[in-house]
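Student: Take a look and give me a structure for this.
(chains A and B)
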Amino acid sequence: MAVLEILKAPDPRLRQPASEVTTFDDELRAFVDDLEETRLHGPGAVGIAAPQVDRLQRVVIVDCSHTRKPVPNHGHLVLINPEITEWEGHEIGREGCLSVPDYTGNVFRASRIRLTAQDLEGRHQEFDMEGYEARAVQHEIDHLDGLLFLDRVVSRRTDLFQRKTYRKAGEPAG
Amino acid sequence: MNDWYMLTLVGEDRPGIVAAVTQALYEQGMTLGEASMLRLGGNFTVMIMVGGAEDAGQIRQALAGVVERFGLRMHVDPMAGGLHQHLAPNVLVRVVGADRAGIVAQVTGRLAAAGMNILDLDSDVAGTAEQPIYVMQIAGISETPLEQLEEALQDLTQSGVDVTIEPVETLVG
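Tutor: The predicted structure follows:
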């Protein structure tokens, strides 16, 4: 177990798309242990993605079971090759990032998502998520695509004007 | 050493003001910290942290031409504090209602009494001149439970102002 170094913006390595995981072995499991230790080492991160520690693979960890106010969640999740298959609704929420110290901003995310992913043994899973947990997963999957929440931050005045079409423009193509 | 100055500029809004101001500061070797530009009532308003100046007079001098050209009012003050002092809000209060005098004072007075520290306030009038709608968002930090904040604002809700209070949980990932 080890705490890994977290890449900080504007490191170009955070801007690269990560590749699919094809081998589910002890090395992957050891890496996920380190990734989890790294997540817990910082101040209160609910998620972390492999590219943040300079490993360009589609691996994220999300755990929304310890928020200040309880939110719907699926507990501690290791998501390998996660993919959002359905989106619904949108809402604004405040985000920060281990890779962007001392900055938070408002970001639109889908309110509800359907997610497919593999677990550490390579088994396929499916989740329906909403709200905060759905937001966390969208934030982490962005890392797998070389995106940061900074790419999606909206002006603090934006949510005065709730334009339904606004969300679509910022929607990822996938 | 703290060498930040707070620069305030106000005037009629026209394209190119921010570019001209920042270019003039850059040419004099000054740097920018945090900045916030807003249009208020059709006016250009900006507050900028400016660093690298020997004194306030140097900033005024650097901007004299731009201020003249765009007809701006300028104010420069030495300031305490600096970068990297962000606070994350944990409460968001939204107020919507028919516009009438005293809403801001009534809402913020009750929030202050309940122990809330306001970090950010946006207040605007929407609707039409005949039927103005007041819209306000307040982000802040409060150790007081939300229920108590709601209670503190309850009588306003009864007087025709919609007030919603929600927790802000900043997601770090």
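Student: rest of the way, CA atoms for contacts and neighbours
Tutor: OK.
Student: what distance separates the start and the end of stretch A:57-69?
Tutor: Criterion C-alpha to C-alpha, to the nearest Å; first-to-last residue distance in stretch A:57-69 is 32 Å.
Student: could you give me the average pLDDT of it?
Tutor: The average pLDDT within stretch A:57-69 is 94.
Student: which residues of chain A fall in helices?
Tutor: Ranges of helices in chain A, per DSSP state H, are A:26-41, A:131-144, A:166-170.
Student: What segments of chain B are helices?
Tutor: Ranges of helices within chain B are B:17-27, B:56-70, B:103-113, B:146-158, based on DSSP H.
Student: out of the helices of chain A, which comes closest to chain B?
Tutor: helix A:131-144 (6.6 Å; C-alpha to the nearest C-alpha).
Student: Output the helices of chain B in TSV; the columns should cover mean neighbour count.
Tutor: Converted to TSV, these look like this (neighbours: other C-alpha atoms under 10 Å in any protein chain shown):
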stretch	mean neighbour count
helix B:17-27	16
helix B:56-70	16
helix B:103-113	15
helix B:146-158	15
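Student: looking at the ones you listed, which has the lowest confidence?
Tutor: Lowest mean pLDDT within the helices of chain B: helix B:146-158, at a mean of 88.
Student: so that one versus helix B:103-113, what angle?
Tutor: Angle of helix B:146-158 versus helix B:103-113, following axes from the mean of the first three to the mean of the last three C-alpha atoms, to 10 degrees, is 160 degrees.
Student: which helices and strands does the helix or strand bottoming out on mean pLDDT in chain B pack with?
Tutor: Across the helices and strands of chain B, mean confidence by mean pLDDT, DSSP states H and E is lowest for helix B:146-158: a mean of 88. The elements that helix B:146-158 packs onto, with contact taken as 3 or more C-alpha pairs under 8 Å, 6 or more residues apart in numbering or on different chains; DSSP states H and E, are helix B:103-113, strand B:161-167.
Student: So which of the helices of chain A is nearest B:Leu149?
Tutor: helix A:131-144 (22.9 Å; C-alpha to C-alpha).
Student: Looking at the closest one now, give me its mean pLDDT.
Tutor: Averaging pLDDT along helix A:131-144 yields 98.
Student: what's the spacing between that helix and its chain's center?
Tutor: For helix A:131-144, the separation from the chain centroid amounts to 3 Å (computed by C-alpha atoms, centre = their mean, to the nearest Å).
Student: before we move on, what about stretch A:2-10?
Tutor: 15 Å.
Student: Mind exporting the C-alpha coordinates of it to CSV?
Tutor: Provided in CSV are the C-alpha atoms of stretch A:2-10 (Å, rounded to 0.1, in the frame of the first residue of the first chain):
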residue,chain,number,x,y,z
ALA,A,2,1.2,3.5,-0.8
VAL,A,3,-0.1,7.0,-1.2
LEU,A,4,0.5,7.9,-4.8
GLU,A,5,1.3,11.4,-6.1
ILE,A,6,-1.7,13.3,-7.5
LEU,A,7,-1.1,15.1,-10.7
LYS,A,8,-2.2,18.7,-10.6
ALA,A,9,-3.6,20.9,-13.3
PRO,A,10,-2.3,22.1,-15.8
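Student: Just confirm yes or no for it near chain B.
Tutor: No. Counting by C-alpha under 8 Å from any C-alpha of the partner chain, chain B has no neighbours in stretch A:2-10; the shortest distance is 11.5 Å.
Student: Show me what the mean pLDDT comes to for that stretch.
Tutor: On average, stretch A:2-10 scores 96.
Student: Low-confidence ranges, chain A, go.
Tutor: A:157-174 (pLDDT under 70).
Student: quick one: the residue nearest to the spatial centre of chain A from A:Ile48, how far?
Tutor: In chain A, the residue lying closest to the centroid (C-alpha atoms, centre = their mean) is A:Glu140, at 1.4 Å. Note on A:Glu140: its distance to A:Ile48, by C-alpha to C-alpha, is 6 Å.
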